[in-house]
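Novice: build the 3D model from these lines:
(2 chains)
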Amino acid sequence: MRKEILKVDHLKKYFPIKSGIWNRTVTNIKAVDNISFTVHEGETVGIVGESGCGKSTVARTILQLEQPTAGNIYFEGKNLCLLRKKELRRKRKEMQMIFQHPHSSLNPRQRLKDILYEAMSIQKVVPKARKNEQVHALLQKVGLQPHQQERYPHELSGGEKQRVAIARALAVQPKLIICDEIVSSLDISRQAQILHLLKKLQQDFNLTYLFISHDLEVVRYISDRVIVMYVGQIVEMATTQSLFESPMHPYTHALLSAIPTPHPKAKRKRLLLKGEVPSPVEPPSGCRFHPRCPFATETCKKVAPTLQGTKDVEQNHLVACHYGEDIARNRSSFF
Amino acid sequence: MASTKQPLLSVRHLSVSFFTKNDEVKAVDDVSFSIPKGQTLGIVGESGAGKSMTALSLLRLSQPGEIVTGEILFEGENILKKKEREMRKIRGKDISMIFQDPMNSLHPTYTIGQQLREVLYTHEHLNKKQATKRIMDMLQLVGISAPEKRMHQYPHELSGGMKQRAMIAMALLCYPKLLIADEPTTALDVTIQAQILTLIKELQRKLAMSVLIISHDFGVIAEMCDHVAVMYGGNIVEMADVHHLFEKPKHPYTIELLQSLLRKDRHTNEKKVRPIKEPFLRSEENGTGCRFAPKCPYKQEICAKRLPPLIQDEHNHYTRCWIASDDR
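Specialist: Numbers count the residues shown, from 1 in each chain, chains lettered A, B, ... in the order given. Model prediction:
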């Protein structure tokens, strides 16, 4: 068993909605509602879900960019929520984040070398004398030319900018990198390049990734394990192979069957979801998926299912559904 | 793509260029295709291949790009010869478009109802009651629940999927003969994407529309289209029936593109991804040769010198390549 690097323990993050002249909190947006998972060293864990399901909030809360409402986050055994500002800054050197829009996450008035050097100097990872050398090495690592160090972000294409963002994350020699939708703004051949690069870097530096995306195929390609989220909660968690080959939660089924197959003759038997994702302000009672679920019963409306393992399938395939097993067993007749 | 009847739309030798002070950039270069009534043509290609410019030209909205040569025949009439006033009658009525970015294509300070009503007032002689009914029916048709409530809401009050549906409703309001959908689902989640694609297909059957879909997602193309055109650097490099294109691609670029798909080998664990190296060269950087030549694995001498013609084979499969053959 590999070492545990990150542990998220019963994490909750509510955003208050304030209104009225006293600006009182009327209600809460339950962006993340009681989720737990662990990430081991050197592995890639993917988080998928539709927009608004709380994926990005999880990422931001792990890095303490948002204070969690409840729950704890342990990084290498240390509880990040209890650290003081100074200690936290030191810890941040080991966990980096790459954001969705490379254009707005790079300072438009800095040259590439300054962007990279700023990260290094804040964390004091290299002596000043060796800074040029290090900038060159980083650019090369991510597949850019050293002479591009004089460029400004606007002179680069989307894919190149994303490479710079990756280089900046690598600049402080982190252990964990959180990638939030980093390929969704790129077109398909550029996506393949970036994913390729991430895999290579992972081998070279023994990195751990938490990879957030709404694109299931991207997650399938890069992840060892996958977490499926729905309205602030985890509905299924399993190894990539197990999840894609024998999904148990009806929501996962729906997600998988919604992917268009790139072949005109492919058989399409689709579990088309009706309606929209419910609002996290007032999530449905019981199982949050029940209003859209084709198999929902009275129990589902009342009792919220817990995330648990099942008998038939391998041990660490967890699902939050009352009928996960039944559905998995009779898969062929449903889908 | 021969059809016994006259096709609804046929584009012949269309070229669109951007002019700078002393330079010309060819965004679309000698593109020809046609769409028969009730059928769907897909255009695929990477960003910058000229897909969107081609689509915009069909509505004469390509400015600042200038249509240099070519003709666009819609129901036998050349659109490019029409006056601006006549053009305005066609846009939104006979040919309508779903734009790439639904989030920014709706007017932020008008309600959904007002925006839809404007289309009807421009094109159809309906009184207020009739117009409201048409709008409600259309919103219902595209799957927006509680249309009477949504009509009075502003775009920012709707979710992305809803806005996209409202856009589709607007495009379909006058029952167009041709619907152009420029990356209609790129910004959406897979579940919403599936809903929207199913919806477009259903409406196409009901209204006997022709559809032009632009996408870089081969999944969407495979699912929606009867014919596919692959664009590269402003040219159509390959065009065929959808089954033919996926089973027997002939142009090296199409082959490479299909291989770069992450989704290719669904059931092997180690997926082969072959990234395509750099973005393509523009014609002026590449002289007169084939646009793909600098990156083509099968490159020969002639490729760098002359642009190959679009050649048709016995299955109506067009390829723009000097060396494409069936046995590769």
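
Novice: output the contacting helices and strands for the helix or strand of chain B with the lowest mean pLDDT.
Specialist: Ranked by mean pLDDT, DSSP states H and E, the weakest helix or strand in chain B is helix B:102-105, scoring a mean of 77. Where contact means 3 or more Cβ pairs under 8 Å, 6 or more residues apart in numbering or on different chains; DSSP states H and E, helix B:102-105 is packed against helix B:160-172. Heads up, the C-betas are built off the backbone N, CA and C, glycines and all.

Novice: list the contacts of the least confident helix or strand of chain B.
Specialist: Outside helix B:102-105, the residues that touch it by Cβ atoms under 8 Å, 6 or more residues apart in numbering or on different chains are B:99, B:160, B:163, B:164, B:166, B:167, B:187.

Novice: rerun that using 7 Å as the cut-off
Specialist: B:99, B:160, B:163, B:164, B:167, B:187 (Cβ atoms under 7 Å, 6 or more residues apart in numbering or on different chains).

Novice: farthest-apart pair in those residues, please.
Specialist: The span of the contacts of helix B:102-105, defined through Cβ to Cβ, is set by B:99 and B:160 at 13.7 Å.

Novice: next up, the contacts around residue B:209.
Specialist: B:176, B:177, B:178, B:179, B:203.

Novice: hang on, the first one packs against residue B:97?
Specialist: No. With contact defined as Cβ atoms under 7 Å, residue B:176 and residue B:97 do not form a contacting pair (9.0 Å).

Novice: quick one, which of the two is more surrounded?
Specialist: residue B:97 (24 against 21; other Cβ atoms under 10 Å in any protein chain shown).

Novice: which ones are touching that one?
Specialist: B:55, B:59, B:171, B:180, B:182.

Novice: just these that are near chain A?
Specialist: Residues of these in contact with chain A (Cβ under 7 Å from any Cβ of the partner chain): none.

Novice: give me the domain ranges for chain B.
Specialist: For chain B, the structural domains run B:9-94+B:176-319, B:95-175, going by automatic domain parsing.

Novice: weakest of these in terms of mean pLDDT?
Specialist: Lowest mean pLDDT of these: domain B:9-94+B:176-319, a mean of 83.

Novice: before we move on, back to that, which of the contacts of helix B:102-105 lies closest to chain A?
Specialist: Here the nearest of the contacts of helix B:102-105 to chain A, counting by Cβ to the nearest Cβ, is residue B:160; it sits at 6.9 Å.

Novice: quick check: the closest one touching residue B:189?
Specialist: No. The pair residue B:160 / residue B:189 is not scored as a contact, 8.3 Å apart, by Cβ under 7 Å.

Novice: neighbour-wise, which of those two wins?
Specialist: Just comparing residue B:160 and residue B:189: by other Cβ under 10 Å the higher neighbour count belongs to residue B:189, 22 against 16.

Novice: I figured that one hits residue A:53, correct?
Specialist: No. Judged on Cβ under 7 Å, residue B:189 makes no contact with residue A:53 at a distance of 9.3 Å.

Novice: does residue A:39 sit in a helix, a strand or a coil?
Specialist: Three-state assignment for residue A:39 (DSSP: H, G, I helix; E, B strand; the rest coil): strand.

Novice: many thanks, have a good one.
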